[in-house]
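K.L.:
Predicted coordinates and the sequence they were generated for:
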Amino acid sequence: MKEIGNSIDLNLERNSLYQQKLVDRIKSLKEKIYLGGGQKAIEKHHKRNKLTARERITKLLDPESTFYEINTLAAFGMYEEYGGAPSSGTVFGIGKVHGRNIVVVANDATVKAGAWFPITVKKNLRAQEIALENRLPIVYLVDSAGVFLPLQEDIFPDKDHFGRIFRNNAQISARGIPQISAIMGPCVAGGAYLPIMSDESLIVEGEGSVFLAGSHLVKAAIGEEIDNESLGGAVVQSNISGVTDYIMKNDEECILQIRSLIEKFGESPKADFSRIKPALPKFNVQEIYSILPEDTIKPYDTYELLARIVDDSKIDEYKAGYGKTIITAYARIDGWAVGIVANQRKIVKNHHGEMQIGGVIYSDSADKSARFIMNCNQKKIPLLFLQDVTGFMVGSKAEHGGIIKDGAKMVNAVANSVVPKITVIIGNSFGAGNYAMCGRAYDPRFLFALPNAKIAVMGANQAANVLMDIKIKQLQKEGKMLSESEKEKLLGEVVSSYEEKNNVVHAASRLWTDEIIDPAAIRDYISLAIECANNCPIADDFKIGVIQT
């Protein structure tokens, strides 16, 4: 093993202040989102002796345990014409109940009565995907008015729309993963299948109701006049229809019953990834603030970043002198063995003495990474991808050297990997580099991003210049010419528009990342991800398709 890291230069204080500002901004956004539909809606909820979604989750989880919320910024800046949908009207994440990791999904009835927007469906499907991939029990706290009707065409009929949730209920059940549903408010129409396709369902008397059609629709459809409680309330569905399993007096009793049920779960086989007693890095993880530059294009030494993430600041580096724009190394994080694939952002010399740009994937680094990924699969070591990539190398020399062939080799290895993959976007995530470094399309078990992350086909300046050239040529065909000041103004507008779209908050609102995390919490999130992944044995042997060698 080799020790890595040096003391941080005090001249990097500007970086630290900038990163702290970004972290504070994300915290501020989340604090507003935690209010759901607002203080008045929360008070109205409390007057009915109902807990809010986050209050229910807090009571469900073990005291003093951490709730790792996922997709907190879902729908941020979206659906403004309908008054917005903070966190898409659904709260979900991972927390411990009787020491066991559980996925919890709770409708937030303070947001449009818990109605489902298109992104709400995507968020709920992501929760189920995490439960499936990691064999984690899942608890649904149901309190929803159903589909948001003005947007029903984007929610109801397609493959990954509303109906997929119930298909997933069946798949989760078939794989022996426990599902518990608590009906703590309305549960309407197709949504009624979710709790009833769970292993066990609880219903809160006086508040919970479940039916395929509510009283208004029943009257319109068949002329029958009946109130919702008589149609599908707790007593009806538990004692008459036998649809639900437990009648609960209130939210608190319901949550205690769920905890009691979970306490009796048996253990399932584990993946048994290697873990020893954790050791802290020799450097303060908070110093990551100082390492990351204010401008994500500027270089920095990724070894310094790793020194503040890995246990004891030690790594076993694989092919250290070859393919230097990607660092491949075995290490431990919070005691867990990991195989790290990290973009080196520092400008380096290759084995020919030629300078290589940091953050760019060259043929040798792609070739090395593919081999390392294969080794981790051979040894059953989870993979951690630390993305700060501006793309693959371009130009005649790169093309003649077979960059596409070597890039394809790396992508093939990532795509076929059977060990869990965890991705953290440290800075840039551009172009095919996003794919090779295990972006969302390559099924990482979890994908987190730091507050300065950017996700796009290419950087804003490169994209703006390409778009500018196209625009100018179009205008020239129309016989129009732009002055230098007009060109400068147009370029500024293009850059501004592009940077708005590659911003990490934009990505998080659309669930391209699971959560924006504080750099100081990176070890906690990586450890959580591996702990969850360890709950599911590796079922398949690693195989790789046809590759050009």
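P.N.:
Thanks, I have it. Owing to the predicted nature of the structure, the values given are computational and were not obtained by experimental measurement.
K.L.:
Show me where the stretch 1-150 of the chain has its helices.
P.N.:
Remark: helices assigned in the stretch 1-150 of the chain by DSSP state H, counting those that start in this stretch are 13-33, 39-47, 53-60, 118-134.
K.L.:
Report the distance from the second one to the chain centre.
P.N.:
For helix 39-47, the distance from its own C-alpha centre to the chain's C-alpha centre is 30 Å (CA atoms, centre = their mean, to the nearest Å).
K.L.:
can you list the helices of the stretch 1-150 of the chain in CSV and add mean neighbour count, distance to residue 246 and mean pLDDT?
P.N.:
In short, each C-beta sits where N, CA and C put it, glycine included. Below are those laid out as CSV (neighbours: other CB atoms under 10 Å; distance: least, CB to CB, whole Å; pLDDT from 0 to 100):
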stretch, mean neighbour count, distance to residue 246, mean pLDDT
helix 13-33, 15, 32, 95
helix 39-47, 14, 22, 94
helix 53-60, 20, 15, 98
helix 118-134, 21, 22, 97
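K.L.:
quick one, which of the ones you listed is nearest to residue 260?
P.N.:
Ranking the helices of the stretch 1-150 of the chain by proximity to residue 260 (CB to CB) places helix 53-60 first, at 11.4 Å.
K.L.:
Dump that closest one to PDB, restricted to CA.
P.N.:
The C-alpha trace of helix 53-60 is given here as PDB (Å, rounded to 0.1, in the frame of the first residue of the first chain):
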ATOM      1  CA  ALA A  53     -44.700  12.700   5.600                       C
ATOM      2  CA  ARG A  54     -41.300  13.500   7.200                       C
ATOM      3  CA  GLU A  55     -42.700  13.300  10.700                       C
ATOM      4  CA  ARG A  56     -44.000   9.900  10.000                       C
ATOM      5  CA  ILE A  57     -40.600   8.800   8.700                       C
ATOM      6  CA  THR A  58     -38.800  10.200  11.700                       C
ATOM      7  CA  LYS A  59     -41.100   8.200  14.100                       C
ATOM      8  CA  LEU A  60     -40.700   5.000  12.000                       C
END
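K.L.:
on contacts alone, who are the packing partners of it?
P.N.:
strand 90-97, strand 100-107, strand 138-144, helix 251-263 (3 or more CB pairs under 8 Å, 6 or more residues apart in numbering; DSSP states H and E).
K.L.:
Was I right to think residue 238 contacts residue 210?
P.N.:
No. Here residue 238 does not reach residue 210: they are 10.1 Å apart, not a contact under CB atoms under 8 Å.
K.L.:
residues shared between the contacts of those two?
P.N.:
Common neighbours of residue 238 and residue 210 (criterion: CB atoms under 8 Å, 6 or more residues apart in numbering): 203, 244.
K.L.:
that older thread, give me whichever of the helices and strands packed on helix 53-60 is most buried.
P.N.:
Stretch with highest mean neighbour count among these: strand 138-144 (a mean of 27; mean count of other CB atoms under 10 Å).
K.L.:
What is that one packed up against?
P.N.:
helix 53-60, strand 100-107, helix 118-134, strand 179-188, helix 193-196.
K.L.:
ok and the third one relative to strand 100-107, angle-wise?
P.N.:
With axes from the mean of the first three to the mean of the last three CA atoms, to 10 degrees as the basis, helix 118-134 and strand 100-107 are set at 160 degrees to each other.
K.L.:
who does helix 118-134 touch, helix- and strand-wise?
P.N.:
Judged by 3+ CB pairs under 8 Å, 6+ apart, the packing partners of helix 118-134 are strand 68-70, strand 90-97, strand 100-107, strand 138-144, helix 163-174, helix 522-533.
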